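> Below is the sequence, then the predicted model.
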Amino acid sequence: MSQHKVVLLLGSNLGDQKKNLETALEKIREKGIEILKISEFLISEPVEFVSSNIFCNIATIIFTDLSPIQLLDFVKSIEIEMGRFNDSKISGGYTDRIIDIDIIKYNEIRFTSERLEIPHKKHLFEREFSKILLKNL
């Protein structure tokens, strides 16, 4: 099985945000996925919705043999396991969340489906906090 280099962005604005991010990373490791690099934590304001809860974010580079959709299913299962039930793709809007895990890049492929778009254009080109995190990887 070939290994794919993937960039993930993780964020949390509920509870112990740093602990939530660390827990999500541990769940990724438990799946046997190699974590190559992790950015520093970055605190940011909510984007595209109003909340009094600030975000803690990190970016990470992983190696996985999962396909893009398999990886999406896996990170969504982590979100649900950690208590997130309001997926923005389904609800049509952003809300506070215990954990959010986005696939930003997957090798150098371009992939578009109903559930997933790679590369994640908003994080790569529009959101300032994302650009800061990704620049430091």
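All right, it came through fine.
> Can you pull the phi/psi pair for the spatially closest residue to Gly83 that is not a sequence neighbour?
Sequence neighbours aside, Ile98 is the residue nearest to Gly83 in space, at 4.8 Å (criterion: CB to CB, 6 or more residues apart in numbering). Yep, even glycine has a C-beta here, placed from its N, CA and C like the rest. For Ile98, the backbone dihedrals (degrees, to the nearest 10) come out as phi -70, psi -40.
> Surely Ile98 touches Asn20?
Yes: assessed by CB atoms under 8 Å, Ile98 is found in contact with Asn20 at 5.6 Å.
> re the thing from before, how far away is the residue nearest to Gly83 from Glu48?
18 Å (CB to CB, to the nearest Å).
> Settle it for me: which of the two has more neighbours?
Ile98 (18 against 10; other CB atoms under 10 Å).
> Now do the contacts for the more buried one.
By CB atoms under 8 Å, 6 or more residues apart in numbering, Ile98 lies in contact with Ser12, Leu14, Gly15, Asn20, Glu79, Met82, Gly83, Arg84.
> Redo those residues as TSV? Include neighbour count.
Below are the contacts of Ile98 laid out as TSV (neighbours: other CB atoms under 10 Å):
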residue	neighbour count
Ser12	27
Leu14	16
Gly15	14
Asn20	23
Glu79	20
Met82	17
Gly83	12
Arg84	20
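> If it's not too much trouble, I'd like these exported to JSON lines so that distance to Leu124, pLDDT and secondary structure sit alongside each entry.
Formatted as JSON lines, those follow (distance: CB to CB, whole Å; pLDDT from 0 to 100; DSSP: H, G, I helix; E, B strand; the rest coil):
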{"residue": "Ser12", "distance to Leu124": "21", "pLDDT": "95", "secondary structure": "strand"}
{"residue": "Leu14", "distance to Leu124": "25", "pLDDT": "94", "secondary structure": "coil"}
{"residue": "Gly15", "distance to Leu124": "28", "pLDDT": "94", "secondary structure": "coil"}
{"residue": "Asn20", "distance to Leu124": "24", "pLDDT": "98", "secondary structure": "helix"}
{"residue": "Glu79", "distance to Leu124": "21", "pLDDT": "95", "secondary structure": "helix"}
{"residue": "Met82", "distance to Leu124": "25", "pLDDT": "96", "secondary structure": "coil"}
{"residue": "Gly83", "distance to Leu124": "28", "pLDDT": "91", "secondary structure": "coil"}
{"residue": "Arg84", "distance to Leu124": "23", "pLDDT": "82", "secondary structure": "coil"}
